[in-house]
Structures are given as structure tokens and as C-alpha cells.
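[1] sequence? don't have it. structure:
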């Protein structure tokens, strides 16, 4: 083959490779990474479950960034979807009920927390789920990372299942997700010798360790270690984050993902 022909052949090969790369469906499980035609093809290939991660924008003491729940919900939803194989992940819901605005209550006493009414929150989730059902998803999974709206999620699922009675679409909240990230992870830490007044319920050792495993850049660990024990006035409820670590958090992440995947598979078996 002459040199000009070799160059022409090489150019054609590179063009074919580039075209193939652009034509490939994304390896991502994140809905936002797909075009609508890629999504259609992915659904036809078996992606029938959509996971809606729900976070929240709230204070978590002086050592953890305001978007903690959003980052964690997305990270865990992605891991769960990858393990399931037939699921995609919707955009995170970052605006959630956080209490009264006037007078401010709970986390709303701290700058940066955002709250919406329960009715608006529930209506948003219902509309999102109905959108996914209209586009062919058969299983709509709500993963709520924050404890304050768990009852809202149950009401949304009840409303959707009533509306979808007799149809091949189902909504549910796998209890294993929040149970493992809260009481379940706390129990794991107790077995390792950590006390309840260190584990805490918000922004303590458990909460901060999970965040270190998911998004360490959102944790001001050096400042926490150098600082005094924090309390409710600082936005840390019932715990002490100073001995938090990514290693502790990773054990929690692994448990949340494994147990939630099992729960979703059981709920969607045969669907």
C-alpha cells in the first residue's frame, strides 16, 4: 500500500472510530446523560426501573456542606442502579420540607437551609413519577436520604399506587435504604465500640463518616478535629463528629447499597 493510500485508510479508520464512539449509548446510569433517543433505546433494552434520589439542602453543623443529602442521595442511587443493572437515576430532588419559615424551626434556624411545603413537595414527586410512567418505566423507586419527609414519601406512594391500580407500573420506597443509613448504621458502629453520644442523629460521627466516604471534599475534617465538642447550638444533634472517618463510612455505604438492592429486587421480581 502506498503512503498516500495508507494515510487515506488511516483517516477513514479514525473517522469510523469517532462515529462509533458518538453513536454509543452512554455507559452512565444517570438519566441526564442520555439523549431522548438513547433513553428510548435503553428502555427497550431493559432499563425499566427509575430511581428518584431525594436529598435536601440543610445545615449539618459547621463541618459539613449544605448539600450533604443531595450528594449522598445521588452517589448511593448511582451505586444501587449500577448494581441492579436495569435501573436509571433521575435528577436529585434538592428542595424538601425542612420546617417552618416564620418563626424558623429546626434546621431553618441556620442560614442556607431551604424548605418547601409538604404539599408542594409531594405534588412534585407525584408529577415526576407520572412523567416516568407515561414514558414507559414500570418501577418508580423513591430513595429519601433525610428523615424529615419519610411520611411524605409513603403518602406519595399510596397516592400513585391508587391511581395506577390495574396498570403495569408501581411506585415504592424501599424501607431498607433509610433504615440502614440511620438505625442500621448506628447499630454497626455500636458493635465497634462507639457510643450513642458520639454516633449522634445529625452531623455526628455516623452522619459525617458516611459523607467522608461519599464526598470527602464536603467535610471540613481538619477544623472538626481541632475544634471543641459541638452541640445543638452548632447544628450537631446528639453526637460528636471528631473521630469520623471514610473507612467507617464506607462500611455504611456498602451496607446501604447491598440491602437496598436486595429490597428493590424483591419488590420488582417478575415485573
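    Everything's here; your move. Predicted model, so just to flag it, every value in this text is computed and none were measured. Numbers count the residues shown, from 1 in each chain.
[2] show me the contacts for the closest residue to residue 60 other than its chain neighbours.
    Nearest residue to residue 60 in three dimensions, chain neighbours excluded: residue 203, at 4.3 Å (C-beta to C-beta, 6 or more residues apart in numbering). Every C-beta, even on glycine, is put in place using the N, C-alpha and C of the backbone. Contact partners of residue 203, counting by C-beta atoms under 8 Å, 6 or more residues apart in numbering, are 60-61, 63-64, 230, 235-237, 239, 241.
[3] Which one of those residues is nearest to residue 104?
    Nearest to residue 104 among these: residue 235, at 12.9 Å, using C-beta to C-beta.
[4] can you pull the buried residues of the longest helix belonging to the chain?
    When every helix of the chain is counted residue by residue (DSSP state H), the longest turns out to be helix 246-268. By 16 or more other C-beta atoms under 10 Å, the buried positions in helix 246-268 come out as 246, 248-249, 251-253, 255-257, 259-261, 263-264, 268.
[5] What of stretch 27-45?
    Buried residues in stretch 27-45, counting neighbours by 16+ other C-beta under 10 Å, are found at 29, 31, 34, 39, 42-43.
[6] and what of stretch 181-188?
    Going through stretch 181-188 with 16+ other C-beta under 10 Å, the ones that come out buried are 181-182, 184-186, 188.
[7] Report the mean confidence score over it.
    Confidence over stretch 181-188 (mean pLDDT, whole number) is 97.
[8] go on, stretch 107-120?
    The pLDDT scores in stretch 107-120 average 97.
[9] ok, residues contacting that stretch?
    Here stretch 107-120 makes contact (C-beta under 8 Å, 6+ apart) with 56-59, 66, 94-101, 149, 152, 235.
[10] Using neighbour counts, trim those residues to the buried set.
    If we count by 16+ other C-beta under 10 Å, those have these buried: 56-59, 66, 94-98, 149, 152, 235.
[11] Tell me which two in those residues are the farthest apart.
    When C-beta to C-beta is used, the two most widely separated members of the buried ones among the contacts of stretch 107-120 are 152 and 235, lying 22.6 Å apart.
[12] quick one: residue 120 and residue 89, what's the gap?
    Here the distance between residue 120 and residue 89 works out to 23 Å (C-beta to C-beta, to the nearest Å).
[13] more crowded one of these two?
    Relative neighbour count places residue 89 above the other of residue 120 and residue 89, with 27 against 12, counting by other C-beta atoms under 10 Å.
[14] I'd like the distance between the more buried one and residue 148.
    In this structure, residue 89 lies at 22 Å from residue 148, with C-beta to C-beta as the measure.
[15] same question, residue 204
    From residue 204 over to residue 148 (counting by C-beta to C-beta), the distance is 17 Å.
[16] The two - which one has more neighbours?
    Counted by other C-beta under 10 Å, residue 204 and residue 148 do not tie: residue 204 has more neighbours, with 27 against 17.
[17] got the contact list for that one?
    For residue 204, the contacting residues are 198, 236-241, by C-beta under 8 Å, 6+ apart.
[18] quick one: which of those residues is nearest to residue 212?
    Within the set of those, residue 241 lies nearest residue 212; the separation is 9.5 Å, counting by C-beta to C-beta.
[19] For that closest one, give me its contacts.
    By C-beta under 8 Å, 6+ apart, the contact set of residue 241 is 61, 63-64, 200, 203-205, 207-208, 224, 230.
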